[in-house]
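Asker: Whatever this is, show me its structure:
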Amino acid sequence: MPSDPPTLSIVIPLCNECESLAELHGQIVAVLEADGLSAEIVFIDDGSRDTSWAVVETLCAKDVRVRGIRFRRNFGKAAALAAGFARVRGSIVVTMDADLQDDPAEIPAFLKRLDGGLDLVTGWKRKRFDPWHKVFPSRVFNGMVSRLTGVRLHDHNCGMKAFRSEIARKLRMYGERHRFVPVFAASLGYRVGEMEIHHRSRQFGRSKYGFTRFIKGFLDLLAVAFQTRYGLRPMHVLGTVGLLALGLGFAGGACWLVGLLSGVETLSAMGLPGGVLFLVGTQSMLAGLISELLTARTAEPADGFDIAAEAGGP
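Answerer: Numbers count the residues shown, from 1 in each chain. This is a model prediction of the structure:
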């Protein structure tokens with residue numbers, strides 16, 4: 001007979017973290033036993049080149065709560081989380097990094113916030129023990145995410161989060177989308193909040209985040225902001241751009257015609273930019289129409305709407 005599903009599923013992506021895994025496991029177990037929590041611990045090895053997988057196998061052999069997943073190569077954190085989310089059995093999912101900078105002692109506090117009515121709680125590392133060249137871009141990025149998406153949090157990309165497993169089943173994780181889990185949850189109507197957590201300095205290994213991640217994150221942010229706001233109504237944004245460009249194009253064409261008739265060279269020079277804007281506007285309108293047709297063909301009747309409950313009926 002299969003065992004009863006646990007309350008918690010703790011999902012931990014890792015890459016080359018062999019030195020910290022046993023210690024992290026011990027800290028998690030201490031918290032679980034102190035609070036009487038039923039949990040599974042899912043390690044996802046994202047193509048480690050050290051002995052991380054051997055450590056995971058050892059932990060699996062001595063603790064039935066531990067499960068391991070190993071990628072053939074490095075696919076990225078979003079893919080690792082997606083693999084973990086596809087296999088969780090608990091009603092609550094907790095994510096955390098494997099480098100010991102996230103403190104498992106925070107788990108009970110996360111659960112209390114969920115019991116208080118939130119559906120997703122993300123950590124906020126107010127005081128961070130990271131180098132400035134990692135902290136500063138992170139703060140700039142978090143500010144941009146809050147402004148562009150309307151989900152105002154201090155630390156969108158904090159690795160330590162807790163949320164209901166139904167959210168994990170709805171997430172489509174790829175690329176660098178793990179940075180925007182709170183944004184996607186909020187776009188589906190879930191209640192999102194944050195709590196200040198204890199951030200610890202790195203003891204082993206090195207950070208895997210550099211300045212190039214900031215550039216990739218910004219590009220992903222534009223895509224996510226468009227997807228969450230206009231994913232089911234692309235014509236609203238593309239059509240607006242198209243109408244604006246068409247209007248400016250017509251204005252430029254009118255100036256060109258007036259300049260041609262009056263001999264004013266300044267007005268005649270508006271012909272080329274007016275023509276370019278007219279073409280841009282036409283293409284934007286066509287792109288919007290095509291996007292609407294594709295959305296209408298692929299969307300399910302309730303696509304994009306999260307139905308919380310139903311009542312009544314036969």
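Asker: Going by C-alpha atoms from here, please, whenever you check contacts or count neighbours.
Answerer: Will do.
Asker: Next, give phi and psi for the nearest residue in space to residue 37 that is not next to it in sequence.
Answerer: The shortest distance from residue 37 to any non-neighbouring residue, by Cα to Cα, 6 or more residues apart in numbering, is to residue 7 (7.2 Å). Main-chain dihedrals, residue 7, degrees, to the nearest 10: phi -70, psi -40.
Asker: list the contacts for residue 7?
Answerer: 37, 38, 39, 90, 91, 92 (Cα atoms under 8 Å, 6 or more residues apart in numbering).
Asker: Who does the third one form a beta bridge with?
Answerer: In this structure, residue 39 has beta-bridge partners residue 8, where bridges are defined by DSSP bridges.
Asker: separation between it and residue 66?
Answerer: From residue 39 across to residue 66, the span is 9 Å (Cα to Cα, to the nearest Å).
Asker: more crowded one of those two?
Answerer: Between residue 39 and residue 66, residue 39 has the larger neighbour count (other Cα atoms under 10 Å), namely 24 against 19.
Asker: where along the stretch 51-200 of the chain do the helices fall?
Answerer: Taking DSSP state H, counting those that start in this stretch, the helices of the stretch 51-200 of the chain run over residues 52-62, 77-85, 107-115, 132-149, 165-170, 181-187.
Asker: I'd like those helices written out as CSV, with mean neighbour count added.
Answerer: Converted to CSV, the helices of the stretch 51-200 of the chain look like this (neighbours: other Cα atoms under 10 Å):
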stretch, mean neighbour count
helix 52-62, 17
helix 77-85, 22
helix 107-115, 17
helix 132-149, 16
helix 165-170, 16
helix 181-187, 22
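Asker: who wins for proximity to residue 269 among these?
Answerer: Judged by Cα to Cα, the one of the helices of the stretch 51-200 of the chain that comes nearest to residue 269 is helix 132-149, at 36.4 Å.
Asker: Okay, domains of the protein per the record?
Answerer: Listed by automatic domain parsing, the domain ranges of the chain are 8-230, 234-298.
Asker: related to what we said a few turns ago, for the helices of the stretch 51-200 of the chain, give me a markdown table that also has distance to residue 96 and mean pLDDT.
Answerer: Output for those, formatted as a markdown table (distance: least, Cα to Cα, whole Å; pLDDT from 0 to 100):
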| stretch | distance to residue 96 | mean pLDDT |
| --- | --- | --- |
| helix 52-62 | 16 | 96 |
| helix 77-85 | 10 | 92 |
| helix 107-115 | 10 | 96 |
| helix 132-149 | 18 | 78 |
| helix 165-170 | 14 | 92 |
| helix 181-187 | 13 | 90 |
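Asker: Could you dump those helices into JSON lines and include distance to residue 268?
Answerer: As requested, the helices of the stretch 51-200 of the chain are exported to JSON lines (distance: least, Cα to Cα, whole Å):
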{"stretch": "helix 52-62", "distance to residue 268": "69"}
{"stretch": "helix 77-85", "distance to residue 268": "53"}
{"stretch": "helix 107-115", "distance to residue 268": "64"}
{"stretch": "helix 132-149", "distance to residue 268": "39"}
{"stretch": "helix 165-170", "distance to residue 268": "55"}
{"stretch": "helix 181-187", "distance to residue 268": "48"}
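Asker: which one among the contacts of residue 7 gets closest to residue 259?
Answerer: The closest of the contacts of residue 7 to residue 259 turns out to be residue 92 (Cα to Cα; 68.3 Å).
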